[in-house]
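K.L.:
below are the sequence and a predicted model; questions follow.
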Amino acid sequence: MIVAMAGRRKGWRCPNVWARTDSFDDNPVKQLLIPAGVFTVVSGAVGALEVRNNYGTWPAGSANQPRDSDSLWAKLPIGAKPGDALTRATWNTPSPLVHLEPRVVLDSYNDAITFNEGTVDTPGLRSPQLGAMHAVLGTGRLNA
């Protein structure tokens, strides 16, 4: 649920979503599928809705236009359409929720990082983070 507070972004606040625990050499390992964050708006196209936050983009559907029940997607209110403000949703989590292939994880980060300075209403990076990103990327190109 959303509680509008000064200085906090409005939107659907989502907790971390984890895959089932696997075991490697008797060590428990879990994959973080969706990092906790704020989802502010419905994007995509009718029939192919999406939700996105600073960490990536995930498929979404509404109760009257659901996605595949065996996949992970955001369940939106009935009648949700691109451009709608997002205030509540849940995740359709198949059982068991298995880890994703590496390519799927990497693809979810497309356009997740921008070189925009963030504000209270707009996702982005703080000035020191922008400088660090430019420094890291610039150093990599100089050393190539």
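P.N.:
Yes, it's here.
K.L.:
what pLDDT is listed against residue 12?
P.N.:
Note for residue 12: predicted pLDDT of 92.
K.L.:
tally up the residues packed near it, please.
P.N.:
Burial measure for residue 12: 22 neighbouring residues, criterion other CB atoms under 10 Å. Bear in mind the C-beta positions are built from the backbone N, C-alpha and C, glycine included.
K.L.:
any idea how far it lies from residue 53?
P.N.:
9 Å (CB to CB, to the nearest Å).
K.L.:
residues near residue 128, how many?
P.N.:
Neighbour tally, residue 128, other CB under 10 Å: 8.
K.L.:
so it belongs to a helix, correct?
P.N.:
Yes. Assessed with DSSP: H, G, I helix; E, B strand; the rest coil, residue 128 lies in a helix.
K.L.:
for residue 50, which non-adjacent residue is closest in space?
P.N.:
Leaving aside its sequence neighbours, residue 50 sits nearest to residue 44 (CB to CB, 6 or more residues apart in numbering; 3.7 Å).
K.L.:
my understanding was that the one you found contacts residue 82; is that so?
P.N.:
Yes. Between residue 44 and residue 82 a contact is recorded at 5.7 Å, counting by CB atoms under 8 Å.
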